[in-house]
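Student: give me the fold of what follows.
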Amino acid sequence: MRFSINVPNFGDFSDPRTVAELARAAEAAGWDALFVWDHVVHRRHPRPFGDPWMLLTAAALATSRIRLGTLVTPVARRRPQQLARQVATLDAVSGGRVIFGAGLGGPLEDEYGSFGEPTDPVVLAGRMDEGLDLLRRFWSGEPVNHHGPNYEVRDVTLLPATVQRPRPPVWVAGYWPRRAPMRRAARWDGAVPLFTDARHGHAPPLDQVRDLVAFLRRQRADRDGPFEIVLGAASPPDAAKARDLIGPLVDAGVTWWDERHLQGTDDIDRLAPILRRVEQGPPTL
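Tutor: Coordinates of the predicted model:
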């Protein structure tokens, strides 16, 4: 089990200097990764927003060990060529420490509809799949030609390639028990499931986690290589209660615990309470 810190890219964390401070503290306290959200507008949170790649670049320059990434980037609302350059640049700056989290994003009306973009999840899923394949090819440093329903590429080579070979790990998010997003995740390097029965910051039901892990293992029966299953919530401050919560998830097959704050609280985008939690270090199993 490895442990990450998860923060939004708004409020206090819209400032790259604040994210760099948090990243330094996370590395010193023994956390394995820092993840930030990737929103451009969120009507429930009318606060300052920061660009996630600038935030993570500041974190990369302030650290040397922890992994860095987004949970998650809505691939469908970005141009794949620009996104490929941002990720490759961060991978270079960090010395190969990027994990790329991908999803549809949301709320769809805010993130897409506000700018005249389609909000149909089926359309966005098609863009996402095509975009992910283009990212993989762009990161290779090899020439890319592509003619698809959403994107056109004519003999383009994007250099430098990513430091990590053949590419940074790609983790895909989606709501369980919906099968399609988890089938997509199984084709890549990790799954970041959200659960319809558990709000952000709350642990999902253990029986649903077991069902999910079994589903992912069936989907990957003919695939080799490591595969991460990432779950998260706000862990209990009491060490024994934290072990009681996370231990059974490890037994079920979860490989990362992503420390989160309860959505809807004033603490979710404030440095002081999250920094206190970070400095306490990850849960001890």
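Student: only alpha carbons, please: show the host helix or strand of L71 as PDB.
Tutor: For L71, the host element (DSSP states H and E) is strand 67-74. Output in PDB follows, covering the C-alpha atoms of strand 67-74 (Å, rounded to 0.1, in the frame of the first residue of the first chain):
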ATOM      1  CA  ARG A  67       5.100  11.200  -7.400                       C
ATOM      2  CA  LEU A  68       3.000  14.000  -8.900                       C
ATOM      3  CA  GLY A  69      -0.100  14.100 -11.000                       C
ATOM      4  CA  THR A  70      -3.800  15.000 -11.500                       C
ATOM      5  CA  LEU A  71      -6.800  13.200 -10.200                       C
ATOM      6  CA  VAL A  72      -8.200  13.700 -12.700                       C
ATOM      7  CA  THR A  73      -7.700  15.500 -16.000                       C
ATOM      8  CA  PRO A  74     -10.700  15.600 -18.300                       C
END
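Student: got the buried residues for the following helix or strand past it?
Tutor: Per DSSP H and E, the first helix or strand lying C-terminal to strand 67-74 is helix 80-94. For helix 80-94, burial by neighbour count (16 or more other C-beta atoms under 10 Å) applies to 80-81, 83-91, 93-94. (Each C-beta comes from the backbone N, C-alpha and C, glycine too.)
Student: about what we covered before: now the angle from the strand holding L71 to helix 80-94?
Tutor: 170 degrees (axes from the mean of the first three to the mean of the last three C-alpha atoms, to 10 degrees).
Student: strand 67-74 - contacts with which helices or strands?
Tutor: strand 33-36, helix 52-61, helix 80-94, strand 98-103, strand 170-176 (3 or more C-beta pairs under 8 Å, 6 or more residues apart in numbering; DSSP states H and E).
Student: and it, average pLDDT?
Tutor: For strand 67-74, mean pLDDT rounds to 97.
Student: partners of that strand in the sheet?
Tutor: strand 33-36 (parallel), strand 98-103 (parallel) (DSSP bridges).
Student: for the most centrally placed residue in the chain, which residues are in contact?
Tutor: The residue lying closest to the centre of the chain (C-alpha atoms, centre = their mean) is L71, at 2.1 Å. The neighbours of L71, taking C-beta atoms under 8 Å, 6 or more residues apart in numbering as the test, are 6, 35-37, 101, 171, 173, 192, 230, 258.
Student: can you give me the pLDDT of the residue lying closest to A186 once chain neighbours are set aside?
Tutor: Distance criterion C-beta to C-beta, 6 or more residues apart in numbering; nearest residue to A186, sequence neighbours excluded, is Q219 at 3.5 Å. Q219 is assigned 97 on the pLDDT scale.
Student: would you mind writing the CA trace of stretch 34-47 as PDB?
Tutor: Once non-C-alpha atoms are left out, stretch 34-47 reads as follows in PDB (Å, rounded to 0.1, in the frame of the first residue of the first chain):
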ATOM      1  CA  LEU A  34       0.600  14.400  -4.300                       C
ATOM      2  CA  PHE A  35      -2.400  14.800  -6.600                       C
ATOM      3  CA  VAL A  36      -4.300  17.900  -7.500                       C
ATOM      4  CA  TRP A  37      -7.700  18.300  -9.200                       C
ATOM      5  CA  ASP A  38      -8.100  19.700 -12.700                       C
ATOM      6  CA  HIS A  39     -11.000  22.100 -12.900                       C
ATOM      7  CA  VAL A  40     -11.400  25.300 -14.800                       C
ATOM      8  CA  VAL A  41     -14.800  26.300 -13.300                       C
ATOM      9  CA  HIS A  42     -17.000  24.800 -10.600                       C
ATOM     10  CA  ARG A  43     -20.100  26.800  -9.800                       C
ATOM     11  CA  ARG A  44     -20.300  25.300  -6.300                       C
ATOM     12  CA  HIS A  45     -16.800  26.700  -5.600                       C
ATOM     13  CA  PRO A  46     -16.700  30.400  -6.800                       C
ATOM     14  CA  ARG A  47     -13.000  30.700  -5.800                       C
END
